[in-house]
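[1] Below are the sequence and a predicted model for it; my questions follow.
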Amino acid sequence: MRSNFLMKKRLYSGGILLVLVLLAFGAASMTEFSLAKCFSSIPKAIVWSLGNFYPVADSFAKLPDILAKLQETLLISIASASVAAIFALVFALIGSRVTKINNFLATLSRLIANIFRNIDVSIWALVLLFSFGQSSLTGYFALFVASFGFLTRAFMETIDEVGADTVEALRATGANFFSIVFQAVIPMSVSQLISWVLFMIETNIRAATLVGILTGSGIGFVFDLYYKKMDYHSASLVVLSIVLSILLIEQISNYVRRVML
Amino acid sequence: MTTLLQFKNVSKQYGNSTVALSDVNFSVNEGELVSIIGPSGAGKSTLLRCINRLIDATSGEIIFDGADMLKINKKHDLRALRTKIGMIFQNYNLVERLSVFENVLHGRLGYKSALVGALGLYNENEKKQAIKIIQSLGLNEQVYKRCDQLSGGQKQRVGIARALVQEPRVLLADEPIASLDPNSSKVIMDHLKNICTTLGITVLVNLHQLDVALNYSDRIIGISGGRVVYDGLPANLTDEDIRRIYGSDPEALNLIIQKPKEVAQKI
């Protein structure tokens, strides 16, 4: 009986693996994708990068311009994540199992958050492009909407996780909703909430580059511009500055997390 | 002796099939320490939570201090009554990142308006009272420590302090010693007994430990499958009663009863 049970499980796992392999081969043959060709082109790409994709003295003349755009992008990322966090906290409190006011509002709040979260930031950028045109505002809204969806979900789960017991205790003392939120839920979860906001800022900076290409603003736009002008040296400087700023921001947010916890 | 709390035909159903409490009747006098015993899942926690409406009973009447808890519809009235009912929990349910002092003051939140409560503003009297209660529970040195630095026994004492600062008429204790070692358990039960005798606060305590229930309570209520199957003095609890509550022979439970009372041997 026992060996039969294990045998069944093995067959089942084997079946899933087989399906996955078939899917991969099917998709590859339909798109004429060849793994061998893919790997064999890597050395060529490296050679090209080494030959073209590095900053030269000329491109450094454009540095002030790049840095100004980089600053704009960083600030937009931080602003969108932090403003989204405020809205997300309200929606998370309404949507969380432990702090919900009633089932209808909770479901509504979850539904809104899910819609915003499941649509990718690049889709938002394209949609908003129609309404706001090519400007930093479009980028800001795209990042804001995507951050809002993600943070609401993350906050909701954090509150669900840490809050249930203390919320019950404070409800038992007769405390009202606002007292419970500010005296128990927020103190319990604040470090995790801030951690999520920091993560969102990092994610936004990465996404801002792509959003910038789409919406014609910020650092993404500059990169696109140089790249299309085939000024690869300047484009590489843009990439370098993005990488450096991401590393820097990550260091800062790690430091903040350490101090806070 | 006056009756403080009365259950009349109280039932609680979850969904259509799960019956947590069925037709529960008992009353508790002012100043009594009553233990509620029974196997896991018998409905002990549900019963306690029905009193302060953390869980709403399906039918029946729960008369507390002259008012039917189940008939209260306004949130404001419910909160006012909850201030009169202190509660302590198996997992202490403290805000671990805050200090002992702040956690104890949380017991006053029921008396505050939304804004004052949200800002956590307490007056001098409340602070003095909180400190006094903290000291009476032997936590002088922990007043400004964060709760996550305390031991289990200390945390439970903070939980008791939070309930006492409410100035309650009754204290509900949901498995207060289930996560504690024997020494801390004794300290907590001694405090509960003391609260009952010196402050005159009625205490209702859910317990898993039959010996503790026999030693500390004025009265025992035995619950099995959502029904009250025993309601009487600890001294009158017979082997037959124990069998009815736990569904197994007292001999099998000998591990729990270290000093079998003469009553238990009577039959």
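    Yep, that arrived.
[2] Give me the neighbour count for whichever residue of chain B sits closest to chain A.
    Across chain B, the shortest distance to chain A (CB to the nearest CB) belongs to B:Gly110, at 2.7 Å. Every C-beta, even on glycine, is put in place using the N, C-alpha and C of the backbone. Number of residues near B:Gly110 (other CB atoms under 10 Å in any protein chain shown) recorded here: 24.
[3] pLDDT score for it?
    On pLDDT, B:Gly110 comes in at 88.
[4] can you tell me if the helix or strand A:Leu111 falls within touches chain B.
    Assessed by DSSP states H and E, A:Leu111 sits inside helix A:103-118. No. Helix A:103-118 is not in contact with chain B by CB under 8 Å from any CB of the partner chain; minimum separation 14.4 Å.
[5] What is that helix packed up against?
    helix A:63-95, helix A:136-172 (3 or more CB pairs under 8 Å, 6 or more residues apart in numbering or on different chains; DSSP states H and E).
[6] So for it, mean pLDDT?
    Helix A:103-118 comes out at a mean pLDDT of 90.
[7] now do stretch B:198-206
    In the prediction, stretch B:198-206 has an average pLDDT of 91.
[8] Give the buried residues for that stretch.
    B:Ile201, B:Thr202, B:Val203, B:Leu204, B:Val205, B:Asn206 (16 or more other CB atoms under 10 Å in any protein chain shown).
[9] give the contact list for residue 153.
    If you meant another chain, say so; for now it's chain A. Applying CB atoms under 8 Å, 6 or more residues apart in numbering or on different chains to A:Arg153 gives the contacts A:Ala113, A:Asn114, A:Arg117.
[10] wait, chain B
    B:Leu180, B:Asp181, B:Asn183, B:Ser184, B:Val187, B:Ile188.
[11] Setting the sequence-adjacent residues aside, check what's closest to it.
    Spatial nearest neighbour of B:Gly153, excluding adjacent residues (CB to CB, 6 or more residues apart in numbering or on different chains): B:Ser184 at 3.0 Å.
[12] How about B:Ser59?
    The nearest residue in space to B:Ser59 (CB to CB, 6+ apart) is B:Ser11, at 5.0 Å.
[13] Surely the one you found and B:Asn25 touch.
    No. Contact between B:Ser11 and B:Asn25 fails when scored by CB atoms under 8 Å: they sit 10.7 Å apart.
[14] out of these two, which sits in the more crowded spot?
    Regarding B:Ser11 and B:Asn25, a neighbour count based on other CB under 10 Å identifies B:Ser11 as having more, with 16 against 13.
[15] part of a strand, is that one?
    Yes. Assessed with DSSP: H, G, I helix; E, B strand; the rest coil, B:Ser11 lies in a strand.
[16] Please report how far the residue nearest to B:Ser59 lies from B:Cys50.
    10 Å (CB to CB, to the nearest Å).
[17] A:Val211 too?
    Counting by CB to CB, the gap from A:Val211 to B:Cys50 is 53 Å.
[18] Next up, phi/psi of B:Asn183, please.
    Backbone geometry at B:Asn183, expressed as degrees, to the nearest 10, gives phi -60, psi -50.
[19] which SSE is the closest residue to it other than its chain neighbours in?
    Leaving aside its chain neighbours, B:Asn183 sits nearest to B:Gly153 (7.5 Å; criterion: CB to CB, 6+ apart). Using DSSP H and E, B:Gly153 sits within helix B:152-164.
[20] ok, now B:Gln166?
    B:Gln166 belongs to no helix or strand when assigned by DSSP H and E.
[21] Need the per-residue pLDDT for it.
    91.
[22] which residues sit in contact with it?
    By CB under 8 Å, 6+ apart, the neighbours of B:Gln166 are A:Thr173, A:Gly174, B:Thr83, B:Lys84, B:Ile85, B:Gly86, B:Gly107, B:Arg108, B:Gly110.
[23] Show me what counts as buried in the lowest-mean-pLDDT helix or strand in chain A.
    None of the helices or strands of chain A scores lower by mean pLDDT, DSSP states H and E than helix A:57-60, at a mean of 78. Neighbour-count burial for helix A:57-60 flags A:Ser59 (criterion: 16+ other CB under 10 Å).
[24] That one packs against which elements?
    For helix A:57-60, where contacts count as 3+ CB pairs under 8 Å, 6+ apart, the packed elements are helix A:232-260.
[25] what's the angle from the helix it packs on to helix A:63-95?
    40 degrees (axes from the mean of the first three to the mean of the last three CA atoms, to 10 degrees).
[26] Okay, buried residues for helix A:232-260 please.
    In helix A:232-260, counting by 16+ other CB under 10 Å, buried: A:232-239, A:241-242, A:245, A:249, A:253.
[27] Tell me the buried residues in stretch A:154-166?
    Within stretch A:154-166, the residues scored as buried using 16+ other CB under 10 Å are A:Ala154, A:Phe155, A:Met156, A:Thr158, A:Ile159, A:Asp160, A:Val162, A:Gly163, A:Asp165, A:Thr166.
[28] Contact residues of the stretch 51-200 of chain B facing chain A?
    Counting by CB under 8 Å from any CB, the stretch 51-200 of chain B sits next to chain A at B:52, B:54, B:75, B:78-83, B:85-87, B:89, B:91, B:93-98, B:102, B:106-107, B:109-115, B:117-120, B:159, B:162-163, B:166, B:172.
[29] ok, and the closest non-adjacent residue to B:His31?
    Small correction: residue B:31 is Gly, not His. In space, B:Gly31 is closest to B:Gly200, 5.0 Å off (CB to CB, 6+ apart).
[30] Next, count neighbours for B:Gln142.
    21.
[31] Which per-residue confidence value corresponds to it?
    Per the predicted model, pLDDT is 86 at B:Gln142.
[32] Report the contact partners of it.
    Counted by CB under 8 Å, 6+ apart, B:Gln142 has contacts B:Val100, B:Ile134, B:Leu150, B:Gln154, B:Val158.
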